[in-house]
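K.L.:
One predicted model, sequence on top.
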Amino acid sequence: MTLPRSGLRRSRNTKIVATIGPVSSSPEMIRRLLEAGVDVFRLNFSHGAHEDHAERYRAIRQMEEELNRPVAIMADLQGPKLRVGKFAEGKIELVPGQKFRLDLDPALGNTERVQLPHPEIFAALEDGTDLLLDDGNVRLRVISHGPDHAECEVTVGRKLSDRKGVNVPGVILPLDALTEKDRKDLEFAVELGVDWIAMSFVQRPEDIELGHSLIKGRAALLAKMEKPSAIKHLDEIVKLVDGMMVARGDLGVEMPAEEVPAIQKRIVRACRQAGKPVIVATQMLESMVNSPTPTRAEASDVATAVFDGADAVMLSAETAAGSYPVEAVSIMNRIAERVESDPIYRDMIDSNKVEPEHTLADAITASANQVAITIDAKCIVTYTSSGYTTLRACRERPHQPILCITPNFRVARRMMLSFGVHSVVNNESDHITKYGPVARDTAKALGFAKSGDSVVITAGVPFGQAGTTNMLRITTVD
């Protein structure tokens, strides 16, 4: 066993997800981002060719090996992109009260009409339906419609240019969450070896079942919660997925902005209740695309996600295309550290404590957390082959860091998205007599504990059977 470098040990529980893009693809920049605080890298399949993503994947794995620290990689699928066609002049000006037609005609648009090459939308429309174009900057209300057109009235107008996006809030569209492109991207990503697949355009539980049927257990599945219809099925979807992302950008387009903060808290709470990781994403430090410092509002936004107990916070354009990618990660890291060191943080986390389920695994895990507090243990060590034991420990949001020891490198990487987890790959701890010595040596080597300190251990016996957490031990570091 070769242990991770203790210098890369995080002094926070909340994880940081960073999107890789043109400004952050080199091995040197990936190293700097890891050293600044990144735990998970996101490959955005809305942009870039497969060769680009493969090169970035290899660079991340190279740095993972050099720094000897597990790193999770997420492939974020594009999903269906609904867009209008092109205009003869490249753009038009729409004003409130104006009549405007959407249809299937591929002819270039003008001030009276434009192509909407999505018959599925027309099939799902009703009179009075609102259509949002260009992230809601243009709003149309359907007056009448047929299988190939919609006559609309402009309710909010401004300039509209070629290929702008279309959202249909409150309507479940007869579309698969995975396009043909997504299916090819998904197969490429899992063959490449990514740890997480993020699905866009999730509307219903059946979309998650489709994702699982294609992934076939080769990666964990994360649902991006960006459609109001998905929020209606939140409890059903959270049971099916391995994790969730609060994709606040699209949520904020399809529903009133004032609804999004409460929905964010609902999703975080539901995921914590289920013991599954949740990411809060979109525009967290958006101003840092062009500025070396965030706004005070952005700092508060990140802090709120940490106070809520989210497993991770995410950077998008800030690290993919911004001028200050390392600074963005560093500041997000400092915000999380500062929040978690505040007494109010622990009060809030504990006040929202979820009740253990009536299972042996939760009884052991809840007891481990309480024992660790009572004896001032320095960390909770979880032995796991599937990740289950570690995830149940994360659900408790313990005061102490969680040290995940597993023989499975894929599990070690996947767990890096979860609250408070530090992963170590160890193939020697396959017998109960080795649990104590390996836990003590690992905790001491990584700086979690020193001689005389206590460490709490949870595991499943016999080792290697998923979901059998049934053992709690206390050991003292030599």
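P.N.:
That came through fine.

K.L.:
what helix or strand is Thr19 on?
P.N.:
Applying DSSP states H and E as the criterion places Thr19 in strand 15-20.

K.L.:
same for that strand, what does it pack against?
P.N.:
Under the contact criterion of 3 or more CB pairs under 8 Å, 6 or more residues apart in numbering; DSSP states H and E, strand 15-20 touches strand 40-44, strand 312-315, helix 317-320, helix 325-340. Quick note: C-beta positions are derived from backbone N, CA and C, even for glycine.

K.L.:
Out of the ones you listed, the one nearest Ser25 is which?
P.N.:
helix 317-320 (9.2 Å; CB to CB).

K.L.:
quick one: Thr111 from Lys227, how far?
P.N.:
Going from Thr111 to Lys227 by CB to CB, to the nearest Å gives 31 Å.

K.L.:
who's more crowded, those two?
P.N.:
Lys227 (29 against 15; other CB atoms under 10 Å).

K.L.:
Within the helices and strands, which one has the residue lying closest to that one once chain neighbours are set aside?
P.N.:
Distances taken as CB to CB, 6 or more residues apart in numbering put Gln203 closest to Lys227, at 5.2 Å, once the chain neighbours are dropped. Gln203 is part of no helix or strand when elements are defined by DSSP H and E.

K.L.:
domains of the chain?
P.N.:
Domain segmentation of the chain under automatic domain parsing yields 11-79+177-341, 91-167, 360-476.

K.L.:
Return the distance of the second one from the chain's centre.
P.N.:
In this case it means domain 91-167. Offset of domain 91-167 from its chain centre (CA atoms, centre = their mean, to the nearest Å): 32 Å.

K.L.:
so how far is the first residue of it from its last?
P.N.:
19 Å (CA to CA, to the nearest Å).

K.L.:
do the same with the first one
P.N.:
Domain 11-79+177-341 has an end-to-end distance of 10 Å (criterion: CA to CA).

K.L.:
got it, and the last one?
P.N.:
In terms of CA to CA, the two terminal residues of domain 360-476 are separated by 25 Å.

K.L.:
Okay, now the unreliable bits of this structure?
P.N.:
1-8, 429-431 (pLDDT under 70).

K.L.:
biggest helix in it by residues?
P.N.:
helix 50-67 (DSSP state H).

K.L.:
Going by contacts, tell me the helices and strands next to that helix.
P.N.:
helix 27-36, strand 40-44, strand 72-76, helix 180-192.

K.L.:
Dump the C-alpha coordinates for the first one into CSV.
P.N.:
Below are the C-alpha coordinates for helix 27-36, written out as CSV (Å, rounded to 0.1, in the frame of the first residue of the first chain):
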residue,chain,number,x,y,z
PRO,A,27,-1.2,18.5,-17.0
GLU,A,28,0.4,21.4,-15.3
MET,A,29,-2.9,23.3,-14.9
ILE,A,30,-4.6,20.1,-13.7
ARG,A,31,-1.9,19.7,-11.1
ARG,A,32,-2.3,23.3,-9.9
LEU,A,33,-6.1,22.8,-9.7
LEU,A,34,-5.7,19.6,-7.6
GLU,A,35,-3.3,21.3,-5.3
ALA,A,36,-5.7,24.3,-5.0
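
K.L.:
which residues sit against it?
P.N.:
The contact list for helix 27-36, computed with CB atoms under 8 Å, 6 or more residues apart in numbering, reads 8, 18, 20, 23-24, 41, 59-60, 62-63, 66-67, 69, 71, 319, 325-326, 329-330, 333.

K.L.:
mind running it again at 10 Å?
P.N.:
For helix 27-36, contacts defined as CB atoms under 10 Å, 6 or more residues apart in numbering pick out 7-8, 16, 18, 20, 23-24, 26, 38, 41, 56, 58-64, 66-67, 69, 71, 315, 319, 325-334.

K.L.:
what's the angle between that helix and strand 40-44?
P.N.:
130 degrees (axes from the mean of the first three to the mean of the last three CA atoms, to 10 degrees).

K.L.:
What residues sit buried inside helix 27-36?
P.N.:
Met29, Ile30, Arg31, Arg32, Leu33, Leu34, Ala36 (16 or more other CB atoms under 10 Å).

K.L.:
just those now: which is nearest Arg141?
P.N.:
Proximity of the buried residues of helix 27-36 to Arg141 was ranked by CB to CB; the top entry is Leu33 with 45.0 Å.

K.L.:
all helices of the stretch 351-478 of the chain, in order?
P.N.:
Along the stretch 351-478 of the chain, the segments classed as helices by DSSP state H, counting those that start in this stretch run 360-374, 388-395, 409-414, 432-445.

K.L.:
Tabulate the helices and strands packed on helix 50-67 (TSV), appending distance to Leu251.
P.N.:
Formatted as TSV, the helices and strands packed on helix 50-67 follow (distance: least, CB to CB, whole Å):
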stretch	distance to Leu251
helix 27-36	27
strand 40-44	18
strand 72-76	16
helix 180-192	20
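
K.L.:
wait, which of those is closest to Glu258?
P.N.:
Per CB to CB, nearest to Glu258 of these: strand 72-76, 26.9 Å.

K.L.:
Each with direction, which strands does the very next helix or strand once past that closest one pair with?
P.N.:
Proceeding N to C from strand 72-76, the next assigned helix or strand is strand 91-93, under DSSP H and E. Its sheet considered, strand 91-93 pairs with strand 159-161 (antiparallel) by DSSP bridges.

K.L.:
what's the helix or strand that the strand it pairs with is followed by packed up against?
P.N.:
The first helix or strand that comes after strand 159-161 along the chain, using DSSP H and E, is strand 166-167. When contacts are defined as 3 or more CB pairs under 10 Å, 6 or more residues apart in numbering; DSSP states H and E, strand 166-167 sits against strand 130-133, strand 138-146, helix 248-254.

K.L.:
List the neighbouring strands of strand 166-167 plus their orientation.
P.N.:
Per DSSP bridges, strand 166-167 is paired in its sheet with strand 130-133 (antiparallel).
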